[in-house]
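1. Sequence plus the predicted model coming up.
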Amino acid sequence: MPKIDLVAGLLDANEMLAEQNRTLFKQSKVFTVNLMGVPGTGKTSILEKIISSLKDKLLIGVVEGDLYTTTDAERIEKLDVPTVQINTKGECHLDAGTVRKACLDLPLHQIDLLFIENIGNLVCPAEFDLGENARLMVISVTEGNDKPWKYPLMFRRADAIIVNKTDLINYTDFDLKQFTEDMTNINQAAKIFPASATTSSGISDIADWLYKKIKKQAK
Ligand code: MG
Ligand code: ZN
């Protein structure tokens with residue numbers, strides 16, 4: 001099965017580079033967050049809100065992954081944080097080597113918190129370790145309840161899941177209680193944050209959780 005060998009080889013090579021990233025991030029005293037979720041779920045909008053709520057306390061940097069465009073990076077740059085755009089030109093995930101290269105364009109030693117917005121996809125980004133300290137997933141109530149069962153690896157590896165667009169929940173059949181129960185079976189340790197990037201509800205809880213994690217790591 002040569003195809004499987006090829007994928008395994010790619011993942012091995014990635015793991016080595018991810019380990020190097022981990023060392024780099026540690027030496028630079030930067031806490032890194034891998035932000036994942038499908039397109040349209042509101043990753044960038046959530047990120048804008050988290051940045052606004054933490055930027056007085058922490059120096060924040062962003063690596064924006066996107067297939068072809070720079071629109072998300074332009075939005076983030078408006079918040080006055082150092083931002084680097086990666087265009088993968090069709091590649092459906094970020095890998096450790098690509099992130100490493102992007103980091104060369106950032107003042108890593110000055111940054112406390114680095115967000116890496118991954119490509120909108122729930123499959124392979126879960127498999128590619130970037131050397132991050134935390135994996136944050138964004139889903140939204142408009143996508144329905146079945147995501148954890150369809151993409152178990154991503155949900156199993158997440159440290160926290162932001163359930164975005166809760167301002168629209170009454171217009172959907174999303175069942176937060178059922179979702180929370182399903183998640184207990186898949187990944188009991190994952191924190192679940194109901195939130196809305198539109199109304200800012202829940203954002204301070206996410207920011208507090210991240211801030212505490214960063215302070216703990218820095219000790
Ligand atoms: Mg985005
Ligand atoms: Zn991919």
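-> Right, received. Where do you want to start? Ligands and ions are numbered 1, 2, ... in the order given.
2. Report the secondary structure element holding the spatially most central residue of the chain.
-> The central residue of the chain, meaning the one whose C-alpha is nearest the mean C-alpha position (CA atoms, centre = their mean), is Leu35 at 0.7 Å. Using DSSP states H and E, Leu35 falls within strand 31-36.
3. just how off-centre is the helix or strand of the chain with the lowest mean pLDDT within its chain?
-> Of all helical and strand segments in the chain, the minimum by mean pLDDT, DSSP states H and E falls on helix 2-27, at a mean of 87. In terms of CA atoms, centre = their mean, to the nearest Å, the centre of helix 2-27 is set 18 Å apart from its chain centre.
4. same thing with stretch 212-219?
-> In terms of CA atoms, centre = their mean, the gap separating the centre of stretch 212-219 from the centre of its chain is 18 Å.
5. sorry, back to before: gap between the residue nearest to the centre of the chain and Val138?
-> For Leu35, the distance to Val138 equals 7 Å [CB to CB, to the nearest Å]. For glycine as for every other residue, the C-beta is placed from the backbone atoms N, C-alpha and C.
6. likewise Thr83?
-> Counting by CB to CB, the gap between Thr83 and Val138 amounts to 18 Å.
7. Asp146 now?
-> As it turns out, when the distance is counted by CB to CB, Asp146 lies 16 Å from Val138.
8. What of Thr32?
-> Taken as CB to CB, the span from Thr32 to Val138 is 17 Å.
9. buried sites along the least confident helix or strand of the chain?
-> Of the residues in helix 2-27, 14, 17-18, 21-22, 24-25 count as buried by neighbour count, 16 or more other CB atoms under 10 Å.
10. quick revisit: could you name the helices and strands sitting against the strand holding Leu35?
-> Packing contacts for strand 31-36, counted by 3 or more CB pairs under 8 Å, 6 or more residues apart in numbering; DSSP states H and E, involve helix 2-27, helix 43-54, strand 113-117, strand 134-140, helix 203-218.
11. Select, out of the ones you listed, the one closest to Gly61.
-> Using CB to CB as the measure, strand 113-117 is the one of the helices and strands packed on strand 31-36 that comes nearest Gly61, at 4.7 Å.
12. List the contacts of whichever residue of the chain sits closest to ligand 1.
-> Per CB to the ion, Thr44 is where the chain lies closest to ligand 1, at 3.4 Å. Contacts for Thr44 were tallied using CB atoms under 8 Å, 6 or more residues apart in numbering; they are 64, 72, 75-76, 117.
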